[in-house]
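Undergrad: Fold the stuff below for me.
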Amino acid sequence: MEGKVIAVCISEKKGTEKVNIHSCEVIEGFGLKNDAHGGNWHRQVSLLSHEKIEDFKTRGGFVEKGAFGENIQKNGTVENLRRIFEVAAAKGMLVFISPHYYYKHDHQWLFEGPIEKLMHDTGMFERRGQLTGEGFEGSGADWLDLYKPYINEGTNIIVTAPHKLYGPENNDLILQKLSKSYHGQVVFSDLNLALSPGNAYCLMAPSGTGKTTLFRILMGLETPDSGTINGLKNLKISAVFQEDRLLEGYDVLTNLRFVCRQRLSDAELSAYAAALLPQNALFQPVCEFSGGMKRRLSLLRALLVPFDLLILDEPFNGLDSENRKKAAALVRNRAQDKILLFAAHTKEDAALLGAEILCPFDSYCSV
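TA: Residues are numbered from 1 along each chain as shown. As a prediction, the model looks like this:
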């Protein structure tokens with residue numbers, strides 16, 4: 001590995017703030033001498049060269065040194081968790097803990113970001129089996145010493161079955177190390193997502209951070225600069241774009257019939273459209289519609305065609321509260337066993353669709 005190391009830090013005890021050191025000794029198979037995170041626990045040494053950082057910045061990227069560790073320290077995450085255990089024990093409150101676990105599939109990723117690679121290489125969260133405590137003590141999955149008195153000796157702690165951390169198990173659509181730039185300007189870099197059928201996912205980030213670009217890549221309208229997408233080849237995709245793409249000179253039924261592969265009668269199409277549009281509007285030309293009515297028709301068209309993956313780019317724009325609820329109910333009904341991926345700016349929109357909020361555009365996540 002080549003590059004200039006500009007800072008080294010260690011933790012003298014697990015769960016304590018890292019401190020900068022001016023010199024260090026690297027021990028093979030252990031890590032940094034005197035670092036509590038060395039040895040069989042993590043054996044971690046993470047280096048990002050100064051040259052790599054500067055190169056990424058020249059291409060428009062954003063890198064903040066130590067952001068991950070500093071956030072944990074600034075937010076007091078370790079101590080706050082200890083306080084939760086302490087208060088729960090004092091009040092007799094039940095605390096349920098679901099630890100991380102690596103399944104066999106989780107080691108089959110072709111591409112990994114720095115965090116995933118570190119976790120795999122160091123055995124972080126590794127244990128002998130999903131439902132066994134054998135060999136747990138001292139393993140990569142073991143608890144912090146600070147928490148052990150509460151977890152091991154407390155009567156109010158219930159440790160449940162562990163949950164997945166990373167990997168393609170049970171996920172049909174896998175995006176790995178995806179990057180895209182325009183004219184030398186980085187849109188996003190090393191993006192990783194795993195999307196499963198029967199689930200809704202909301203991309204939440206400010207405008208201009210890459211949500212629409214990601215959608216266009218999934219729809220085959222753009223190509224990524226690097227990275228892989230697995231599981232997309234045989235998926236049928238339906239979408240609502242940011243702008244309404246309708247046949248403006250035609251009425252509602254003609255717009256629906258244009259995308260409908262089924263032989264549906266006017267009565268059947270009218271009954272379907274009435275879920276979101278008033279009956280007296282069904283035979284009006286779309287050019288006479290308000291922005292909200294056009295948005296509802298765009299949703300009706302997207303939901304009428306067969307799909308495995310439904311992509312919605314800010315689907316509720318221009319809709320009042322009542323129509324948002326109606327539209328969300330129809331989307332949930334039609335996409336209940338599909339992959340639903342959409343962009344929104346509010347947690348309320350995500351909640352309407354029962355969606356998990358994703359922030360893959362790292363620096364911009366505010367949720």
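Undergrad: Could you use CA atoms for every contact and neighbour count after this?
TA: Fine.
Undergrad: who's in contact with Pro197?
TA: Taking C-alpha atoms under 8 Å, 6 or more residues apart in numbering as the definition of contact, the neighbours of Pro197 are 171-172, 308, 337-340.
Undergrad: now these in TSV, with pLDDT?
TA: Rendered in TSV, the data for the contacts of Pro197 read as follows (pLDDT from 0 to 100):
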residue	pLDDT
Asn171	46
Asp172	71
Asp308	92
Asp337	84
Lys338	91
Ile339	93
Leu340	96
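Undergrad: and those residues, which are buried?
TA: Among those, those that count as buried by neighbour count (16 or more other C-alpha atoms under 10 Å) are 308, 338-340.
Undergrad: Return the backbone torsion pair for Leu173.
TA: phi -120, psi 110 (degrees, to the nearest 10).
Undergrad: hang on, it packs against Asn192?
TA: No. In terms of C-alpha atoms under 8 Å, Leu173 does not count as a neighbour of Asn192; the distance is 10.8 Å.
Undergrad: can you tell me which of the contacts of Pro197 are in helices?
TA: Judged by DSSP state H, the contacts of Pro197 include no members of helices.
Undergrad: for those residues, which one is nearest Ile157?
TA: Checking these against Ile157 with C-alpha to C-alpha, the nearest one is Asn171 at 30.9 Å.
Undergrad: Tell me which stretches of the stretch 151-300 of the chain form strands.
TA: Using DSSP state E, counting those that start in this stretch, the strands of the stretch 151-300 of the chain run over residues 157-159, 163-164, 173-182, 185-195, 199-204, 226-230, 237-240.
Undergrad: What helices and strands are in contact with the first one?
TA: On a contact count with 3 or more C-alpha pairs under 8 Å, 6 or more residues apart in numbering; DSSP states H and E, strand 157-159 meets strand 95-97.
Undergrad: and the strand it packs on, what does it pack onto?
TA: Contacts defined by 3+ C-alpha pairs under 8 Å, 6+ apart place strand 95-97 against strand 157-159.
Undergrad: what's in contact with the strand it packs on?
TA: Counting by C-alpha under 8 Å, 6+ apart, the neighbours of strand 157-159 from elsewhere in the structure are 94-99, 150-151.
Undergrad: Nearest to Val259 among those?
TA: Using C-alpha to C-alpha, the contacts of strand 157-159 come closest to Val259 at Ser98, 45.1 Å.
Undergrad: Which pLDDT does the model give the closest one?
TA: Reading off the confidence values, Ser98 has pLDDT 83.
Undergrad: Would you check that it makes contact with Thr160?
TA: Yes. Using C-alpha under 8 Å, Ser98 is in contact with Thr160, at 5.1 Å.
Undergrad: Tell me which of the buried ones among the contacts of Pro197 fall in strands.
TA: Cross-referencing these against strands under DSSP state E gives 339-340.
Undergrad: Kindly present the buried ones among the contacts of Pro197 as CSV, with separate columns for distance to Gly318.
TA: Rendered in CSV, the data for those read as follows (distance: C-alpha to C-alpha, whole Å):
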residue, distance to Gly318
Asp308, 26
Lys338, 25
Ile339, 24
Leu340, 20
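Undergrad: Show me the helices in this structure, by range?
TA: According to DSSP H, the chain carries its helices in the segments 50-58, 67-75, 77-91, 114-122, 148-153, 211-218, 252-259, 266-273, 291-304, 321-334, 347-352.
Undergrad: Could you check how far Glu25 is from Ser181?
TA: Using C-alpha to C-alpha, to the nearest Å, Glu25 is found at 39 Å from Ser181.
Undergrad: same thing with Gly140?
TA: Counting by C-alpha to C-alpha, the separation of Gly140 from Ser181 is 37 Å.
Undergrad: Also Phe188?
TA: Between Phe188 and Ser181 the distance, using C-alpha to C-alpha, works out to 7 Å.
Undergrad: same question, Ile311
TA: Distance, Ile311 to Ser181, using C-alpha to C-alpha: 22 Å.
Undergrad: quick one, which of the two is more surrounded?
TA: With neighbours defined as other C-alpha atoms under 10 Å, Ile311 and Ser181 compare such that Ile311 has more, 24 against 18.
Undergrad: Not counting its neighbours along the chain, what's nearest the more buried one?
TA: Excluding its sequence neighbours, the residue lying closest to Ile311 (C-alpha to C-alpha, 6 or more residues apart in numbering) is Ala239, at 4.6 Å.
Undergrad: Go ahead and confirm the one you found touches Leu312.
TA: Yes. Counting by C-alpha under 8 Å, Ala239 sits close enough to Leu312 to count as a contact (5.6 Å).
Undergrad: How many residues are close by the spatially closest residue to Lys177 that is not a sequence neighbour?
TA: Ranked by C-alpha to C-alpha, 6+ apart and with sequence neighbours excluded, the top spatial neighbour of Lys177 is Asp190, at 3.9 Å. If you count neighbours by other C-alpha under 10 Å, Asp190 ends up with 18.
Undergrad: Quick check: Ser189 vs Glu268, distance?
TA: 46 Å.
Undergrad: Please identify which of those two sits among more neighbours.
TA: For the pair Ser189 and Glu268, the greater number of neighbours falls to Ser189 (21 against 11), based on other C-alpha under 10 Å.
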